[in-house]
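> Got a sequence here, can you model it:
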Amino acid sequence: MGYRSDSDLEFLGEMKSEELDDLVYCLTHDKDGDVRWTEELTQNSHYKTHYPDHHQYWKLVAAEIQCFGANSFATLFRGGEGVRYKEVLMDVCDKMNVNYNKRSSAEIIEGNLLMKILTDALEKMSPEELNELAKATGIKNAGGITPETMVGVFQAVFRAGGFKSYQLTLIIVNAVLKALIGRGLSFAGNAALTRTMALLTGPIGWVITGLWTAVDIAGAAYRVTIPAVIQVAALRQKHLNGKQSEKVSFS
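This next block holds a predicted model:
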């Protein structure tokens, strides 16, 4: 397993070891907490020497993502190297029917992926739930709010970027990971206490559960690449927002 130089994953080298905990866990363990039989990371001598100081072997973590996203035979011919992250990301988006421009940056495509999950979740919410969600996000005169209206609100948040976009990313990612691997983000603080988080966790979980059934049929690799890409999206936003991300309280 070798790391392929990848500009979209280089930022992982600037993350603290504890911030990489969730990503390493989802690469090495399944939803039941068992070690994945297809993973190679825990067998590496560098990993064994430095665990749990993930920062010391962040390239191995990145390489694991690249290799899970690649055809095993093709990886063999590349000398053990997988494919670059953006190819993994676009493959996940294709599997989840996400519209994106392949010329866009990884950050934008990740936003498209999260927005697709959120849009599908909003469509599953009742008028009463949508009304509560609108109030929780500070929208006045929330009566008669529609899924389309809330989609527009959240799209505006993502387009604006910055701290609010980071907060929304954490809310979505936390709910997705609870559904996919049975645990949310460890660095999301007391995110579960926010009304927005509580209102979206159920609907997002329903969406992901439905997708997971199709993914199970499609192949084992997606059970790793989908949560891994979701994790990377959250880590990228944390990295981009710097010190501000440490102030998230969701109170």
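> Which parts of the stretch 151-251 of the chain are helices?
Secondary structure of the stretch 151-251 of the chain (DSSP state H, counting those that start in this stretch): helices at 162-181, 195-218, 222-241.
> list the buried ones in the first one?
Neighbour counts using 16 or more other CB atoms under 10 Å place 165-181 of helix 162-181 among the buried residues. Placement of C-beta: from N, CA and C, glycine included.
> can you count the residues close to the spatially closest residue to R4 that is not a sequence neighbour?
Among residues not flanking R4 along the chain, E81 sits closest, at 4.6 Å (CB to CB, 6 or more residues apart in numbering). Number of residues near E81 (other CB atoms under 10 Å) recorded here: 19.
> OK, contacts around E81?
When contacts are counted by CB atoms under 8 Å, 6 or more residues apart in numbering, E81 touches G2, Y3, R4, A63, Q66, C67, T75.
> ok, and the most crowded of the residues you listed?
C67 (26 neighbours).
> which secondary structure element contains that one?
Using DSSP states H and E, C67 falls within helix 58-68.
> what is the orientation angle of that helix with helix 222-241?
Angle of helix 58-68 versus helix 222-241, following axes from the mean of the first three to the mean of the last three CA atoms, to 10 degrees, is 140 degrees.
> And helix 58-68, how far out from the chain middle?
Remark: helix 58-68 is offset 15 Å from the chain centroid, using CA atoms, centre = their mean, to the nearest Å.
> please renumber so the chain begins at 17
Right, with 17 as the first residue, what we last looked at is helix 74-84.
> Please state the mean pLDDT value computed over it.
Per-residue pLDDT values across helix 74-84 average out to 93.
> Against which helices or strands is that helix packed?
Where contact means 3 or more CB pairs under 8 Å, 6 or more residues apart in numbering; DSSP states H and E, helix 74-84 is packed against helix 37-44, helix 101-111, helix 238-257.
> Can you pull out the low-pLDDT segments for this protein?
17, 86-96, 158, 203-210, 230-236, 258-267 (pLDDT under 70).
> one step back: tell me the two of the contacts of E97 that are most distant?
Farthest apart among these by CB to CB are Y19 and T91. That separation is 12.5 Å.
> Out of the helices and strands packed on helix 74-84, which one sits most buried?
Scoring the helices and strands packed on helix 74-84 by mean neighbour count under mean count of other CB atoms under 10 Å gives helix 238-257 as the most buried, with a mean of 22.
> got the CA positions of it in PDB?
Taking Å, rounded to 0.1, in the frame of the first residue of the first chain, the C-alpha atoms of helix 238-257 are listed here in PDB:
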ATOM      1  CA  TYR A 238     -18.500   1.400  -0.900                       C
ATOM      2  CA  ARG A 239     -19.100   0.500   2.800                       C
ATOM      3  CA  VAL A 240     -15.600   2.000   3.300                       C
ATOM      4  CA  THR A 241     -15.400   4.800   0.700                       C
ATOM      5  CA  ILE A 242     -18.700   6.400   1.500                       C
ATOM      6  CA  PRO A 243     -18.100   7.000   5.200                       C
ATOM      7  CA  ALA A 244     -14.500   7.800   4.500                       C
ATOM      8  CA  VAL A 245     -15.400  10.600   2.000                       C
ATOM      9  CA  ILE A 246     -18.000  11.900   4.400                       C
ATOM     10  CA  GLN A 247     -15.200  12.100   7.100                       C
ATOM     11  CA  VAL A 248     -12.800  13.800   4.800                       C
ATOM     12  CA  ALA A 249     -15.400  16.400   4.000                       C
ATOM     13  CA  ALA A 250     -15.800  17.300   7.700                       C
ATOM     14  CA  LEU A 251     -12.000  17.300   8.300                       C
ATOM     15  CA  ARG A 252     -11.500  19.600   5.300                       C
ATOM     16  CA  GLN A 253     -14.000  22.100   6.600                       C
ATOM     17  CA  LYS A 254     -12.400  21.900  10.100                       C
ATOM     18  CA  HIS A 255      -9.000  22.600   8.500                       C
ATOM     19  CA  LEU A 256     -10.300  25.500   6.400                       C
ATOM     20  CA  ASN A 257     -12.100  27.200   9.300                       C
END
